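>>> Okay, predicted coordinates and the sequence, questions at the end:
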Amino acid sequence: MSEFNPRENYFVLLAVPQSYEVSQSDLTRRYRELQRDAHPDRFAGGSERERLRAVQSSSQINEAYETLVSPTRRAAYLLKLAGVDSDMSSTTFKDPEFLMQQMELREELSELQSAKDPEAALDVFYRDLDNAADKQKTAFSKHYDQLQYDDALASYAKLQFLEKLRSEAELKERELLDY
Amino acid sequence: MLMQISEPGQTPEPHQRKLAVGIDLGTTNSLVATVRNGSAQTLADLDGEHLLPSAVRYGEEARVEVGETAMAGASLDPRNTLMSIKRLMGRSFADVSESAGIKMSPYELLDLGQDMVKIRTRAGDVSPVQVSAEILKSLGRRAEETLGGELTGVVITVPAYFDDAQRQATKDAATIAGLNVLRLLNEPTAAAVAYGLDQNDEVAIAVFDLGGGTFDVSVLQLTKGVFEVLSTGGDSALGGDDFDNALAQWFLAENKLTSLDMFQQRSLLTAARQAKEALSNQNEVELALGEVSSTLTRQQFNELVDPLIDKAIRACKRALRDAKLRTDDIHNVVMVGGSTRVPRVRERVAEWFGREPLVDLDPDKVVALGAALQADQLVGNRSGDEMLLLDVIPLSLGIETMGGLTEKIIHRNTTIPVAMGQEFTTFKDGQTGMAVHVVQGERELVEDCRSLARFELNGIPPMVAGAARIKVTFQVDADGLLRVTAREESTGSESRIEVKPAYGLSDTDIADMLQQSWASAVDDKEARALREQQVEAEALLQAVSAALLQDGEAMLSESEQRELLAKMEALHHERESGTAASIAKHIEIVGKGSEVFAERRMDASINQALAGRRVDEI
């Protein structure tokens, strides 16, 4: 989706160590510092050229921040930096435990409608999703640090899967709670 | 920039303040504000009026009247007195002819196809951009006369949900008015700025903006002068006018009145609005139309408007959901727009958010005040404690891909400025051109989104299908304006355009499209599956046809060829009229049916490759 520019490493740009574990507050603080200097509003009185350059660098800072702040996009970015193709279109899972968990989560999702208190059931579902995702994040971090990229890739694929479930749940939430 | 160099021993002049103003270009009223003596204030006209009615009259002898004077002519000269023109900005005739407010208007609107609608007046055919320019010109003049000098720049506010065309139209109007636009600022963001709410701790706030015709809600994160919009949403067909209508409907039912003429309708709506306003301070009111009258209590009024407020609350829920926050996380709720004066609105907002909303600043002026603060900073009058406003894009941007599907490139609620690129490839062997169709909206099918622009990328070198790499880049600047470029990566053939659509989405379109995108998520999925199968069927048919042309005669018997062609024929038929499942079934049949053929071709090519080589070489 996003443009990959190998000349500019997002971790370097945002001054956080290149690792899956990042401090959200450090990221956000550095992001705001950078935008304070780079945002086009700083160049409202500048030349056309200066303003165009500001739009470009401010965009890049936004892109870097949004990539690193999202657990899934951050994982994909790290894989990219390691030269691992993270295109998931043809991935199949060979992990029976994860497949079982997926089936259980899917069942939970489909039963939301008939729950006595759908809102509470949704909260439980989101918590289950979060727990499952946390497990994969920990696994990704460990594999990545130990340069086990195939295993890291598998954890990333699972994270993506869980994210897809989450967006399906959000759609369902809108239906159920009449947004 | 020129440097100021002073003689040694001489101090430079005290920092010269530049004149900058914020303008709230509203549907009903407009305002201009500036920062004086350290605080933002709105500027009054010679009669002491701060609000300028957003009305323009094209009078006799090429006289153009703006504001109160123009309004005075409304009943005598309705066709030449233009009001609520903001609803027409960046809109085509087809966009606005559906909306009720315009249908009721006495203007003669000109249908210019895809281009922005124009209004026929005695001064000729005028565009909404020109009419808005008259209002901006009047406010600019007021500011220069009051402040005694030329304006360096202005910040103009726009609704957060304004799309590319509406923003561009607003900017164009300012240019026509001779104003230097420093920035287009979203109205809710401006309101948050006006309240300041500067704190050291990071807090989230919601801006609840209920105007005459529209409802806008934004969730922002504030910390040390940084205003970061997390999400924005609303209902562009919900406002105080709907309250008046509900009251009028109640009155009609109460008195069993059926048909009113235009004049009576107008007086009833006016009486309803007055009754609504009176109920803000008293517990009951008399609503009368000629001889007929009814008493309305505040309790009854509340019951009438509750369903409308429910809609606003639903939009708040969605905005919070998008911001990934809960009501407990919201530290303050800022009220904007005249309709937030209705006590029931305040009650319901307080109840839902679990806290009393902020109403300290005049809800009609708060947007202009925030814009003034931002303008003051942008011209460099404010130093040190600089604010940073990080806004988002309200609707997703994407392009059309195979089968009429939308590929989203920038998702709504992404922080701007933003640049995103996406690679596409050719579908047919030797394809040298590619049409790029830019759309805005949340739905999966192109036909359900708003078309923004089309352009063609030519001169792609002929290659096999899938080999070309075409990169399309979307760049949205801090004003929310879009520029699209496309480029063929392997050869660098480039087609660069700045998208300036002649029209955009109508306000109701945007709300409808957002709502429908949820309601029809299921529809979309089926439609998407169908398109995907259609695309796959087409690709398979092309591949097999090409292979048949090349090797069919040589490798298949006549009956084998006939059999395969029949299967392809059936798939072709399903592709035109079948469902996703039936097409998938026929894809499988053709796939199976061509297996033998594929094997023979494979064998043939291996044989060819091996020809002339000795076994031990392999």
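Arrived safely.
>>> only C-alpha atoms for contact and neighbour calcs from this point on.
Fine.
>>> give the contact list for whatever residue of chain A ends up closest to chain B.
Closest contact between chain A and chain B, by Cα to the nearest Cα, is at residue A:59 (4.3 Å). For residue A:59, the contacting residues are B:416-419, taking Cα atoms under 8 Å, 6 or more residues apart in numbering or on different chains as the criterion.
>>> Rebuild the residues you listed as CSV, extending it with secondary structure, distance to residue A:43 and pLDDT.
Putting the contacts of residue A:59 into CSV (DSSP: H, G, I helix; E, B strand; the rest coil; distance: Cα to Cα, whole Å; pLDDT from 0 to 100) gives the following:
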residue, secondary structure, distance to residue A:43, pLDDT
B:416, coil, 15, 93
B:417, coil, 14, 95
B:418, strand, 17, 94
B:419, strand, 18, 91
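>>> near chain A, which of those show up?
B:416-419 (Cα under 8 Å from any Cα of the partner chain).
>>> got a winner among those residues for most neighbours?
Within those, neighbour counts (other Cα atoms under 10 Å in any protein chain shown) peak at residue B:417, which reaches 29 neighbours.
>>> number of nearby residues for the residue lying closest to that residue once chain neighbours are set aside?
Nearest-residue entry for residue B:417: residue B:477, 4.5 Å, with adjacent residues in sequence omitted and distances by Cα to Cα, 6 or more residues apart in numbering or on different chains. Residue B:477 has 22 neighbouring residues, counting by other Cα under 10 Å.
>>> How about residue B:434?
Neighbours around residue B:434, by other Cα under 10 Å: 17.
>>> swap in residue B:229?
Summarising burial for residue B:229: neighbours were counted as other Cα under 10 Å, giving 27.
>>> Secondary structure element holding the residue lying closest to it once chain neighbours are set aside?
Counting by Cα to Cα, 6+ apart, residue B:220 is the residue found nearest to residue B:229 once chain neighbours are left out, at 4.3 Å. For residue B:220, the element it lies in under DSSP states H and E is strand B:215-223.
>>> can you give me the mean pLDDT across that strand?
Rounded to a whole number, the mean pLDDT of strand B:215-223 is 92.
>>> Same question for stretch B:132-141.
Stretch B:132-141 shows a mean pLDDT of 95 in the predicted model.
>>> for stretch B:228-237, same thing?
85.
>>> The chain - how does it break down into domains?
No chain specified, so I'll use chain A. Domain assignment of chain A by automatic domain parsing yields the ranges A:10-69, A:96-177.
>>> hmm, I had chain B in mind actually
If you go by automatic domain parsing, chain B breaks into B:15-179, B:206-359, B:397-519, B:522-610.
>>> worst average pLDDT in those domains?
What stands lowest among the domains of chain B, in mean pLDDT terms, is domain B:397-519, with a mean of 74.
>>> just to revisit the earlier point, correct me if wrong: the residue nearest to residue B:417 contacts residue B:416.
Yes. With the criterion set as Cα atoms under 8 Å, residue B:477 and residue B:416 qualify as a contacting pair; they are 6.3 Å apart.
>>> give me the residue from chain B nearest chain A.
When you check chain B against chain A by Cα to the nearest Cα, the closest residue turns out to be residue B:418, at 4.3 Å.
>>> That residue bridge partners, please.
residue B:476 (DSSP bridges).
>>> what's near enough to touch it?
For residue B:418, the set of contacting residues under the criterion of Cα under 8 Å, 6+ apart consists of A:55-56, A:58-60, A:62-63, B:474-477.
>>> and if you look at residue B:356?
With contacts defined as Cα under 8 Å, 6+ apart, the neighbours of residue B:356 are B:333, B:346, B:349-350.
>>> try residue B:299
By Cα under 8 Å, 6+ apart, no residues touch residue B:299.
>>> any idea how far it lies from residue A:173?
Noted for residue B:299: a distance of 33 Å to residue A:173, by Cα to Cα, to the nearest Å.
>>> ok, which stretches of the stretch 1-150 of chain B are helices?
Taking DSSP state H, counting those that start in this stretch, the helices of the stretch 1-150 of chain B run over residues B:68-72, B:93-97, B:100-104, B:128-147.
>>> Can you say which of the ones you listed is packed in most?
Burial among those, expressed as mean neighbours by mean count of other Cα atoms under 10 Å in any protein chain shown, is greatest for helix B:128-147, which shows a mean of 21.
>>> Give me the next element, helix or strand, following it.
Scanning the chain past helix B:128-147 towards its C-terminal end, the next helix or strand to appear is strand B:153-158 (assignment: DSSP H and E).
>>> packing partners for the helix or strand following that following strand?
The helix or strand immediately downstream of strand B:153-158 is helix B:164-176, counting by DSSP H and E. Using 3 or more Cα pairs under 8 Å, 6 or more residues apart in numbering or on different chains; DSSP states H and E as the contact criterion, the secondary-structure elements in contact with helix B:164-176 are helix B:128-147, strand B:181-186.
>>> Pull the residues that contact the shortest one.
I take that to be strand B:181-186. Outside of strand B:181-186, the residues within contact range by Cα under 8 Å, 6+ apart are A:41, A:44, B:153-160, B:167, B:171, B:174-175, B:371, B:375, B:378, B:391, B:478-479.
>>> can you state the direction angle for that strand and strand B:215-223?
Here strand B:181-186 runs at an angle of 110 degrees relative to strand B:215-223 (axes from the mean of the first three to the mean of the last three Cα atoms, to 10 degrees).
>>> Kindly report the same for the longest one.
Relative orientation of helix B:128-147 versus strand B:215-223 (the same axes, to 10 degrees): 50 degrees.
>>> what does chain B have sitting close to chain A?
Within chain B, the residues that sit near chain A (Cα under 8 Å from any Cα) are B:1, B:182-183, B:226, B:314-315, B:317-318, B:378-379, B:388, B:409, B:415-422, B:477-478, B:518-519, B:521.
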